[in-house]
Structure formats: structure tokens, C-alpha cells
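Student: what would the 3D arrangement of this be:
(chains A and B)
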Amino acid sequence: MEFIRPTKTRRTRRLFAFAAVAASVALVASGCASGNNAGTGAGGEGDLSITFIPKQLNNPYTDVVLGGGKDGATAAGFTGVEVVGPLEASASSQVSFINAETQAGTNVIVIAANDPDAVGPALEEARAAGAKIVAFDSDTNPKYRDVFISQVVAKDVALIQVKLISEQIGGSGEIAILSATANATNQNEWIKFIEDELASNPDYANITLVSKVYGDDDDTKSFQEAQGLMQAYPNLKGIISPTTVGIAATARYLSTSNYKGKVALTGLGLPNEMRPFVKDGTVTAFALWDPAQLGYVAAFAGKALADGTITGAEGDTFTAGDLGERTVGTDGLVIVGPPTTFTADNIDDYDF
Amino acid sequence: MSNPPTELLPTATNKSGVRAAGRPQAGGRTGVARILLSRDTVMIYALVAFVTYAALFIPRFAGPVSTGFLLLDVIPALLIALPMTLVIITGEIDLSVASIAGLTSALMGVLWAAGLDIGVVLTLSLLAGVLAGAFNGLLVAVLGLPSLAVTIGTLALFRGLALVVIGDNAVANFPPELTSFFTSKLGGTGIPTVMIGVVIVAVFFGVLLHFTPFGRGLFALGYSKEAATFVGIKVMRAKFWLYVASGSVSALAGIYWTLRYSSARSDNASGLELTVIAAVLLGGVSIFGGKGSIPGAIAGVLLIGTINFTLRLNRISDVVLIIVTGSLLIASVVAPSIIEGISKWRHTRRHRRQLPQASALGETRATASGVQERK
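Tutor: Next comes the predicted model:
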């Protein structure tokens, strides 16, 4: 057994290196412990800060929501308005952002959760440090937030999509759903209502849901999934895509394929992204609420919570700026408004 | 047996000299200078310098809260970086680590949801990691297939299995005592309690690599597999066990991930393998094998983690972070080559000056004197 033995210098070198790393670990560990316990950065009465944490950045829909959120936050009187978030909509990626906000002593955190539970412990820490938590767009587990701002009643969103697809395919045939990520809280809730409605409403008895696929809110993946659906189900008559990324990618695929005008597409889309596909006949009608209002209401709810005018209990009311009064429902639920249907006739009236 | 074997030490008897032995930056230096200027130590300086800078100039950074959040964030990468360092030193790679962590997480969720005792759940999940690692080891070490190809395959395979195991679901109802233990801190220091375990694993791999014959064998193996075989190192066995270790530690990281975020899902830890490999390479471990150290790798992980954390603290977008990480990595790979190039150029220039009539004979003498300098 002839192994290479260390020479004295090398062993010393290793020891030195170990000592050095130990020292640096200790340094990081103590963080040069200069007191300053939990974050109490931007505290102070009348000097409130709000931070929005979307599911991911650089998503066109999110950008509109956040635009409304920033307007709302300024109108509501927040002095510090920030937007931070991960580049990938994965379950645990939001946690470190929440932690950073806790440290910054942010008064209101507005979050669209990628996973209802993964963000829980971090939000609890934030609340312990005094932050108010407003969930919007996609809910967290109710015990981790004060209120949840929902665009619309989840069931209404599901029903309008079923209604639109049924009209477009003439009330019978195979349909498929192209969703966001497999774990997305809001999409899954709508899909459940869609499935229930298809199963229980006799008007839709001849419609069969043949497949659910997930484009992960990634343009390329959604495009490929749409392509895959066409190959897998030659008799497919319609697709519901309850996500803005999915519907745009699917519309793009359909508009350049033989299926244009033959396979119906509806779902939730942004008017600006969908305009060309509505004009060229790929899509007849789709639905959405005004996402800017969602952020707007969330900001005012955050202000009301921070001021202590509401606690998130059922029956609490607050004024959401120009949009008027909103009431907190059961489980801290606040509804923004009913969804709008966009067609070739009205799409030019909207710019988002 | 009184003289230590010298095959791999840079001495005058070794014709190919220092460069062939793969330690260009250490060539010509001895003793303290060599320790203080080695690639790994430089990384540690960089880390210390950055932490000091952050503590002094970044608001809210200095304090136990930072320590806690920062370490909780880097623990998975830190754990996996340890066996990864050993694997890369042997000239191999393991890209399936994050998928093994994801598989472990998925398995934990399903077993726990099925009502098994948490002890059994943890044991079985860890065992899954061991088996996944052994599978890699079998393909790479025993069958001798290229590790890059094998682990790209198992990267997809294990992630796929995770999806099969748990599907679209997420399991979140782990025992609160356990999940809160995983985010708990040691007193007021801000250091997460789990760091104790991480330190034990780090010391284990550090001692294994730097203070045991097995570890020294890994360096030899990374320099030259054939030579290592002739010296009597059991190449196949060493590589096999490294992959098992890599799988096991990845499973630990998966378990940690699941309990820290109290959410078992198939997409947990996705993309982590690249973070780990980037950090390890930044820490001075050579992708060609044969070079590197555990302290260097740890410094690499902590440096990327700290930069990441401070950027977030200042609400700077993650886009900047990936650009910074990428640039650092390129710089860390390119810098040694540039330094080597400069020292080579200075070396030649010096000898040109000494021997203006450089000829074939002069060339030989220059080499001889170069060797003498190194002595």
C-alpha cells in the first residue's frame, strides 16, 4: 500500500487553509455581530413601506398587476414602494426575498405565493417582526396572511371559461387544458371548478376534457405543450388556457399551424398580447379581469392593515381609492371585481 | 521506506516538472508564501474581504439575523459541494445531485402522507439517496461510462422518478416540531442549529480528502488514472464510493430542503447542481481534476451565497446575481491561466537576458536553471 504521504509544508498549508476557513465561517456566523436584532429599518409612524413579491419577475401579467400596485401604494400614502422576486416561479424561491424584507423592517408585504405552505415559516417570522401580510393573485395558507385579494370569485373565472369554450366549439367535442405549473394554487382551483362544471352541468354533457398539460408559465414549454396536444388528440376541438403565458403561446402556435380557426382557444389572456390573434381569427373570445386593479386594491388593503383600520376579520371594510369600498369576506377574502370578456369588438378599448 | 515517495512532488528528478503535475501556481514558492498565495487561500481572502465590506457598508447586513438567513439559504449548496469537490478532484462530475435531492423530497412527502413514522420516512429517504448514488457509481466507476453523460441521464431520470412518486402534489403537513427545529437558531448567535450537522459533514469530507491516504489517492487519480492504478490506488472502488457519498449527501440536502420549506414537491432544489458546481469551481477546484480543497470549495459556496444575500438585501434583481456569478466563474477560471501566462513570459524574458545568445544549448541550460530555482 504505497500511498502518497504529505510533506510537512503541504500539511501545514492545509492546516492554515482550515484555520482560515474556520475564521471566515466564524466571521460570517457572527456577521460581525454588532447588535441590531430583528430588522427595524424603515419603521416610524406615517413612514410606511410596502414590498410586492410576485410569483416571478418579467412576466407581462405580473408587470401589469405590479403597475397597479405601485399606483395604489403611492395613492394610499406609502413612502417606500419596492418590488422584489425570483426569476423562476419555484416553490421555495420566494423565501429568501421574504427574509430580506423581514430584515429591512418592511411594514406591508404583498405576496403571490408559488406554494401555499413553503412561504409559511418565513411569513410567520415577518409577522413576528411586525409586518402585515397581504396575499394577492395566488393565496398562501390562510394562517400565514392577514387578507387575500382575489381578482374575482374563483368559480366565476372557471364558469366564464367553460361558457366561452362551449360557445366556440358548438357545445360538444374534446377539449384540453393548458395550465401554468402543476402546483399553481389559483390555476388548480379554477381547473377543479371547470371539471366540476363539465361534470355537473347538462349543457356541457357532450364536452369531454381529454387532457391537462402544464406549460410552467414558460413560453417555449407552453408552445411545445400546445403542439403536443394537437398531435396527441387529433379530434381536439378546443383548448382552455387559464394563464396569460399559456394562452399567448398556444395562440402563437395555432396561428401558424393548420389548426388555425379549426381548434378553438380561450382562457385568460392579456388584451395587448392577444390583440393580433383576435384580429387574425385564431381566437374569438377570452376573459380576464383588469389586473392593475388587483395590485391597486392590494396596496390599499395593506395600508388599512398597517394603519390598524382593519384586521382582516370578516366584515371589515376599507376604501380602495378610486375603486370605492371593498369588504373583507370569510377567511380574509377580498374580491376585486367580475371578469371581463374580450372580443374583436371591445379589445381595442383596453390597454394592458 | 525512510524517504517519502516523490512521484507527484515537484522535484528536479521529475522531468516534466511542476506544470505536468498540475500545480502551476504553487511552482517556485515554498513554505508560508505558498500557503498564503495558493488558489484556495485567495478565495478565502476574497470571502473575508467581501464579508468585511458587506458588514461595514451594507445596511442591515451586520447582525445575527443575516447570519441565520444566509446560512439557511446556503446549507443545501454547502452540503452538496463537499462530495462534489471530491468527485471533481477525481476528474469526474455529478450533475444528478439536485435531482437526487428532489427525489428524496418527493419520497419523503409520499411516505409521510402514507402515515409512516417520521424516523422511518427519514431513513428510507436517505436510503433512496444512497441507492441513487450507487446507481451513478455503478455506471461511472464499474462500467466505466463517462460521468458527464451518465449524470445528465440520471439528472433527468431521478427528477422524472420524483414526478412519478409525488406527481403534481405537494405534502406540507410535516411535524411542526421538526420543521421548526430545521429553522431554529443556536441561542442568539443566529447560527442555524442544523449547521452543527453541516460542520460535522464538512469536517468528515475535509479530513477524508486532506488527511487520509484515500483522499491523497483522489488527487493522484485526478492527475492520471493510469498512474494512480500503478501506484496501487483502487480507482474503481474510490469512484464508486464517491458517487455513493454524493448521493447520500444530496439526500440529506433534500431532507433539509423539505423540512426547511415544509413542502415536499417534485421540483424542489431544481437547478441546484449548477449553483454547486459553479461555487466549487470558483473555490479553486479544477474541472480537469487533481486540484482543489474543501476549504476552498466552502469559501466558494459562502462567497456566492453572501453576494447573493447582499444583493437581495439591497433589492437588486436576481438578473444581476446570475450575471455576477457567471462573470466571477469565468474570471476564476481565466485568472490562473493569465497569471501562468505572465509568469511564463517573465521567466523566458529573464532567461533571455541572462543568456542573450540563446541557442539549442541555451534552451537546455535555461530549463536546468529553472528547475534549480524551484528547488
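Student: what does whichever strand or helix holds B:I152 contact?
Tutor: Taking DSSP states H and E as the definition, B:I152 sits inside helix B:147-166. Helix B:147-166 is contacted by residues B:87, B:92-96, B:98-100, B:102-103, B:105-107, B:109-110, B:132, B:135-136, B:139-140, B:264-266, B:270, B:273 when judged by C-beta atoms under 8 Å, 6 or more residues apart in numbering or on different chains. For the C-beta atoms, the positions are set from N, CA and C on the backbone; glycine is no exception.
Student: rerun that using 6 Å as the cut-off
Tutor: Helix B:147-166 has contacts (C-beta atoms under 6 Å, 6 or more residues apart in numbering or on different chains) with B:92-96, B:99-100, B:102-103, B:106-107, B:109-110, B:132, B:136, B:139-140, B:266.
Student: average pLDDT for that helix?
Tutor: Taken as a whole, helix B:147-166 has a mean pLDDT of 94.
Student: same question for stretch B:220-237.
Tutor: Averaging pLDDT along stretch B:220-237 gives 88.
Student: ok, and does it reach over to chain A?
Tutor: Yes: using C-beta under 6 Å from any C-beta of the partner chain, stretch B:220-237 comes into contact with chain A via B:V231, B:G232.
Student: can you pull out the strands in the chain?
Tutor: As the question left the chain open, I've gone with chain A. Counting by DSSP state E, chain A has these strands, from start to end: A:49-53, A:80-83, A:108-111, A:132-136, A:147-150, A:173-179, A:207-214, A:236-241, A:264-267, A:285-288, A:317-319, A:325-327, A:333-335, A:340-343.
Student: chain B: which of these is closest?
Tutor: Proximity to chain B, assessed across those by C-beta to the nearest C-beta, is greatest for strand A:80-83 (5.3 Å).
Student: how far out from the middle of the chain is the closest one?
Tutor: Distance, stretch centre to chain centre, for strand A:80-83: 18 Å (C-alpha atoms, centre = their mean, to the nearest Å).
Student: swap in stretch A:198-216?
Tutor: 24 Å.
Student: convert the C-alpha atoms of that stretch to CSV, please.
Tutor: What follows is stretch A:198-216 as a C-alpha-only set of coordinates in CSV (Å, rounded to 0.1, in the frame of the first residue of the first chain):
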residue,chain,number,x,y,z
LEU,A,198,-68.3,20.0,-17.0
ALA,A,199,-69.4,17.0,-15.0
SER,A,200,-72.5,18.5,-13.4
ASN,A,201,-74.0,20.9,-15.9
PRO,A,202,-76.2,19.1,-18.5
ASP,A,203,-75.4,21.8,-21.1
TYR,A,204,-71.9,20.6,-21.2
ALA,A,205,-72.6,16.8,-21.2
ASN,A,206,-71.1,16.4,-24.7
ILE,A,207,-67.9,18.1,-23.8
THR,A,208,-65.0,15.8,-22.8
LEU,A,209,-61.9,17.0,-21.0
VAL,A,210,-59.2,14.7,-22.5
SER,A,211,-56.0,16.1,-21.1
LYS,A,212,-54.4,18.6,-18.7
VAL,A,213,-50.9,19.7,-19.6
TYR,A,214,-48.6,22.2,-17.9
GLY,A,215,-46.5,24.8,-19.7
ASP,A,216,-45.0,26.0,-16.4
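Student: pLDDT weak spots in the chain?
Tutor: Just so you know, I chose chain A. Within chain A, the ranges that satisfy pLDDT under 70 run A:1-46.
Student: hmm, I had chain B in mind actually
Tutor: In chain B (pLDDT under 70), the answer is B:1-31, B:355-375.
Student: can you pull the phi/psi pair for B:P64?
Tutor: Backbone torsions for B:P64, taken as degrees, to the nearest 10, come to phi -60, psi -20.
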